[in-house]
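Student: What shape does this take:
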Amino acid sequence: MTRPFYIAVEGPIGVGKTTLARLLSEALHTELLLEVFEENPFLPRFYMDRERYAFQTQIFFLLSRYRQQREVIPQVLRQRPLVSDYLFAKDRIFAHLNLSGDELAVYEQVHRALAERIPVPDLVVYLKATTDVLMERIAFRDRPYERNMSRDYIEALRQAYENFFTRYTEAPVLTIDTTHLNIVSNSDHREHVIGRVRAALREGLIDQPLPGLLLPEGVRSSAPQPPIGRRLSDWQVWSRQLAVTQSEDLIHAFLTLSRHLGELAAQLTVVWRDIASLQATRGNRSEAQTHAVEAHRQALQQHLAHTLAALLQLANNSGIDLEQALISVIRETAPEERTS
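Tutor: Numbers count the residues shown, from 1 in each chain. Model prediction:
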């Protein structure tokens, strides 16, 4: 990246946006931008009478969010990275949920004019959870103006967020289901989520291009393209993009890795048998290995590639940055430098 990174954390009411934004800011050593929603004078009345106060509430939020992001984000990013607990574009989620007719048309005109001037994040962390969990978290924090929120409204909002991020393409999105996570009191959960964000941020760190990976000039594809860098982390990010529809379950990822390791072991058994046979006739183990590997090169390539892909997927599901882990291991096991 040519400037410090900018992360926006998003998700429906009660999902834990501000909590995660604070944790990320501390872990990644960034500035923190929090939405000042308590200053909206229409908000308490909106939750009591949504239809009557929807337009006033939404326009106030839109202008407040615009003023805050327009003033703060460019200034901060000149010097330091930034984490925010909201995305400016999400304002439209609430507008389309609460407005209609002429009010929605007026809102859309104002939003279009303002959105063009707001910086886009380098990464959006989209947090989601079931409606029941959202309701539990809202009740636990017990904000006075949220006490009258209906379950139907939160369910509609949850679905609206799902639909919004299905179509959102302005920035990379890291989706994290927090239904079974407690990043406040469970340190393992907390480190898992922070690790996944760290891994996603590595997408911007690119080295020299690898030949033959890019599409020919003029050819376009909607599928995620392979990384143009030599970093392991770039391949890990690409693997995550390709696997967005796959299960994030650790057991499933491990079983997939085990299956590919078994297939690789079976192929290597064939190679070892051929090495022994060739060595018996030629008397040179190095030459025998070269010929045996060459005879099975295509199969070995395929099994190794599948194994690596499965390993990357397991690392992604675990929130582990393999490149950083590998560097740490190398530093730990490398012989200490000695000075005379």
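Student: how about low-confidence regions in the stretch 201-340 of the chain?
Tutor: Low-confidence segments of the stretch 201-340 of the chain (pLDDT under 70): 203-238, 240-248, 331, 334-340.
Student: For residue 9, pull up the helix or strand it's in.
Tutor: strand 6-10 (DSSP states H and E).
Student: Mind listing residues that contact that strand?
Tutor: 17-18, 20-21, 24, 28, 30, 73, 77, 81-87, 90, 119, 121-127, 161, 165, 171, 197, 201 (Cβ atoms under 8 Å, 6 or more residues apart in numbering). C-beta coordinates here come from the backbone N, C-alpha and C atoms, glycine included.
Student: in it, what's buried?
Tutor: Going by neighbour count (16 or more other Cβ atoms under 10 Å), the buried part of strand 6-10 is 6, 7, 8, 9, 10.
Student: ok, now how distant is the third one from residue 73?
Tutor: In this structure, residue 8 and residue 73 are 10 Å apart, going by Cβ to Cβ, to the nearest Å.
Student: Quick check: neighbours shared by the two?
Tutor: By Cβ under 8 Å, 6+ apart, the residues touching both residue 8 and residue 73 are residue 84.
Student: Okay, and the closest residue to residue 78 other than its chain neighbours sits in which element?
Tutor: Leaving aside its sequence neighbours, residue 78 sits nearest to residue 3 (Cβ to Cβ, 6 or more residues apart in numbering; 7.5 Å). Following DSSP H and E, there is no helix or strand that holds residue 3.
Student: can you map out the strands along the protein?
Tutor: With DSSP state E as the criterion, the chain has strands at 6-10, 31-33, 82-84, 123-128, 173-177.
Student: which helix is the longest one in this protein?
Tutor: With secondary structure taken from DSSP state H, the chain has its longest helix at helix 250-282.
Student: For stretch 290-298, buried residues please.
Tutor: residue 292.
Student: Over to stretch 97-106?
Tutor: 97, 98, 99, 103, 104.
Student: before we move on, the earlier item: format the strands of the chain as JSON lines; extra columns: distance to residue 113 and mean pLDDT.
Tutor: JSON lines is the format used below for the strands of the chain (distance: least, Cβ to Cβ, whole Å; pLDDT from 0 to 100):
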{"stretch": "strand 6-10", "distance to residue 113": "21", "mean pLDDT": "96"}
{"stretch": "strand 31-33", "distance to residue 113": "22", "mean pLDDT": "95"}
{"stretch": "strand 82-84", "distance to residue 113": "21", "mean pLDDT": "96"}
{"stretch": "strand 123-128", "distance to residue 113": "22", "mean pLDDT": "94"}
{"stretch": "strand 173-177", "distance to residue 113": "25", "mean pLDDT": "91"}
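Student: Check the buried residues of stretch 97-106 against residue 290 and report the nearest one.
Tutor: residue 97 (65.7 Å; Cβ to Cβ).
Student: give the contact list for residue 94.
Tutor: Counted by Cβ under 8 Å, 6+ apart, residue 94 has contacts 58, 61, 157.
Student: need the residues you listed in a markdown table with pLDDT and neighbour count, can you?
Tutor: Formatted as a markdown table, those follow (pLDDT from 0 to 100; neighbours: other Cβ atoms under 10 Å):
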| residue | pLDDT | neighbour count |
| --- | --- | --- |
| 58 | 89 | 26 |
| 61 | 87 | 21 |
| 157 | 92 | 21 |
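Student: correct me, but residue 56 touches residue 42?
Tutor: Yes: if you go by Cβ atoms under 8 Å, residue 56 and residue 42 touch, sitting 4.6 Å apart.
Student: Just the helices from this protein, written as ranges.
Tutor: 17-28, 43-48, 50-77, 91-98, 101-115, 131-141, 151-167, 187-201, 232-242, 250-282, 285-295, 297-318, 322-333.
Student: could the ones you listed go into a markdown table alongside distance to residue 176?
Tutor: As requested, the helices of the chain are exported to a markdown table (distance: least, Cβ to Cβ, whole Å):
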| stretch | distance to residue 176 |
| --- | --- |
| helix 17-28 | 9 |
| helix 43-48 | 27 |
| helix 50-77 | 23 |
| helix 91-98 | 18 |
| helix 101-115 | 25 |
| helix 131-141 | 13 |
| helix 151-167 | 12 |
| helix 187-201 | 6 |
| helix 232-242 | 12 |
| helix 250-282 | 14 |
| helix 285-295 | 42 |
| helix 297-318 | 11 |
| helix 322-333 | 19 |
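Student: All set, thanks.
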